[in-house]
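Enquirer: predicted structure and sequence below. I'll ask about it afterward.
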Amino acid sequence: MVGGVGAQRNENGKNAPVRSNWERAEAEALYGLPFADLMFRAQSVHRENFDPNHVETASLLSIKTGGCPEDCGYCAQSAYYDTGLKASRLKARADVVATAQRAKEAGASRFCMAAAWRSPKDRDLDQVCEMVSAVKALGMETCVTLGMLTLRQAARLAEAGLDFYNHNVDTSPEFYGRVITTRTLQDRIDTLAQVRKAGIKVCSGGIIGMGERVEDRLGMLVLLANLQKHPESVPINLWNEVKGVPVYATAERPDPITHVRLVATARIMMPKSVVRLSAGRQYMTDELQALCFLAGANSIFIGDVLLTTENPKADRDANLLNRLGITSGLA
């Protein structure tokens, strides 16, 4: 790196620019820094852009479970695999709003609604738009994940008051085809573009622990960081163990230090994005979560269930955040 005051300030995380031209080698160099140096840089960037002692709390509800026609090899909801999960119809609006109200009372500031579809039909989208408007009226931020969208569908969600749309890239371009064949990575990128055009904020991240290499995890970050505009939220999911899916045979839970390194690298590469510790936190020790918060993670999902899998209990989360002196919506 060229010397001088400006270069030193960027190296230490001060006033680091938001970039969309990352090279894989740069990501690898960041990730491979001595641990103390990496953490210092990540924490410096984090403090430049966020309150380092605050964590966002969100809640996630499956509003339509199972029967998905996609073959995502990690997912319990795919119709391709026998996971013992029973498919259900779209939930009633009143039930969804009641769940959102309970989530708000439990401390969630954002309510996320997920439907296991390849893409929504117009009649289903009508109902989802009603749910979005009703949850928005509670004073909560809203997010949905419904599969692929057209620009017209994205515009309808925007008109209903939707704040965020979640559509993960899942993994690196190189590893993607090993876990999904019914939807291309470009399909996902196209949906993110439609969401942006409609004026909706983007939530997009991926999954680790499926048997991918460190290079694939970094490739996923490079893909996200090189979008024309960084996602406002970047969820990093630790694969939740699901028997009956192909990934079950290849999954390998990441070493905790490599997990922290990935969070720190994400924070540096996407300095203004919220980095969420998403699925899989039930496998993480308090110490690992604390290191991830120090590395720049600043959002979690609360609630005992995350779609179809477990999530840490609210009292455990509240206890951990209290011990760390981190504020959140939790009592």
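Expert: That came in fine, so what should we check first?
Enquirer: adjacent strands (with direction) for the strand ranked longest in the chain?
Expert: Using DSSP state E, we find that the single longest strand of the chain is strand 56-64. Taking DSSP bridges as the criterion, strand 56-64 sits next to strand 110-115 (parallel), strand 299-301 (parallel) in its sheet.
Enquirer: can I get those strands in a markdown table with mean neighbour count and mean pLDDT?
Expert: All C-beta spots, glycine's among them, are computed from the backbone N, C-alpha and C. Shown next, in a markdown table, are the strands paired with strand 56-64 (neighbours: other C-beta atoms under 10 Å; pLDDT from 0 to 100):
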| stretch | mean neighbour count | mean pLDDT |
| --- | --- | --- |
| strand 110-115 | 24 | 94 |
| strand 299-301 | 23 | 92 |
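Enquirer: residue contacts, K91?
Expert: Shown in contact with K91 (C-beta atoms under 8 Å, 6 or more residues apart in numbering): 61, 63-64.
Enquirer: can you confirm it is in a helix?
Expert: No. Secondary structure of K91 (DSSP: H, G, I helix; E, B strand; the rest coil): coil, not part of a helix.
Enquirer: what's the spacing between D286 and F50?
Expert: For D286, the distance to F50 equals 21 Å [C-beta to C-beta, to the nearest Å].
Enquirer: report the rounded mean pLDDT for the helix or strand containing V97.
Expert: According to DSSP states H and E, V97 maps onto helix 93-106. Helix 93-106 carries an average pLDDT of 93.
Enquirer: ok, stretch 196-215 next?
Expert: 97.
Enquirer: can you check stretch 168-187 too?
Expert: Mean predicted lDDT for stretch 168-187 stands at 96.
Enquirer: same for the regular element (helix or strand) spanning R178, what does it pack against?
Expert: For R178, the enclosing helix or strand under DSSP H and E is helix 173-179. With contacts defined as 3 or more C-beta pairs under 8 Å, 6 or more residues apart in numbering; DSSP states H and E, helix 173-179 has these neighbours: helix 214-225.
Enquirer: centre of the chain versus the helix or strand that the helix it packs on is followed by, how much separation?
Expert: Downstream of helix 214-225, the next assigned helix or strand under DSSP H and E is strand 233-238. Mean-position distance between strand 233-238 and its chain equals 3 Å (C-alpha atoms, centre = their mean, to the nearest Å).
Enquirer: what's in contact with strand 233-238?
Expert: Contacts with strand 233-238, where a contact means C-beta under 8 Å, 6+ apart, come from 164, 166, 168, 201-209, 224, 253-254, 259, 262-263, 266, 270, 273-281, 283-284, 297, 299.
Enquirer: any idea of the pLDDT on the residue minimising distance to the centre of the chain?
Expert: Centroid-nearest residue in the chain, with C-alpha atoms, centre = their mean: P235, separated by 1.8 Å. In this model, P235 is scored at 97, pLDDT.
Enquirer: bridging residues for it?
Expert: With DSSP bridges as the rule, P235 is bridged to R276.
Enquirer: and the contacts of the helix holding R178?
Expert: 72-74, 169-171, 185, 210, 212-213, 215-216, 219, 223, 246-247.
Enquirer: so which elements touch the one helix or strand T191 maps to?
Expert: Element membership for T191 (DSSP H and E) is helix 185-197. On a contact count with 3+ C-beta pairs under 8 Å, 6+ apart, helix 185-197 meets helix 151-159, strand 201-203.
Enquirer: looking at those, which is nearest to S109?
Expert: strand 201-203 (14.0 Å; C-beta to C-beta).
Enquirer: distance from the chain centre to that closest one, please.
Expert: 10 Å.
Enquirer: who are the packing partners of that strand?
Expert: strand 164-166, helix 185-197, strand 233-238.
Enquirer: mind putting the ones you listed into a markdown table with distance to E23?
Expert: Below are the helices and strands packed on strand 201-203 laid out as a markdown table (distance: least, C-beta to C-beta, whole Å):
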| stretch | distance to E23 |
| --- | --- |
| strand 164-166 | 27 |
| helix 185-197 | 19 |
| strand 233-238 | 19 |
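Enquirer: mind checking which helix or strand of the chain has the lowest mean pLDDT?
Expert: helix 5-11 (a mean of 40; mean pLDDT, DSSP states H and E).
Enquirer: counting by contacts, list what the following helix or strand past that helix packs against.
Expert: Using DSSP H and E, the next helix or strand after helix 5-11 towards the C-terminus is helix 24-31. Applying 3+ C-beta pairs under 8 Å, 6+ apart, one finds that helix 24-31 contacts helix 35-49, helix 214-225, helix 256-269.
Enquirer: mind listing what's buried in helix 24-31?
Expert: 26-27, 30-31 (16 or more other C-beta atoms under 10 Å).
Enquirer: now swap in stretch 261-273 and tell me
Expert: Quick answer for stretch 261-273 (16+ other C-beta under 10 Å): 261-271, 273.
Enquirer: show me how far it is from its chain's centre.
Expert: So, by C-alpha atoms, centre = their mean, the centroid of stretch 261-273 is 13 Å from its chain's centroid.
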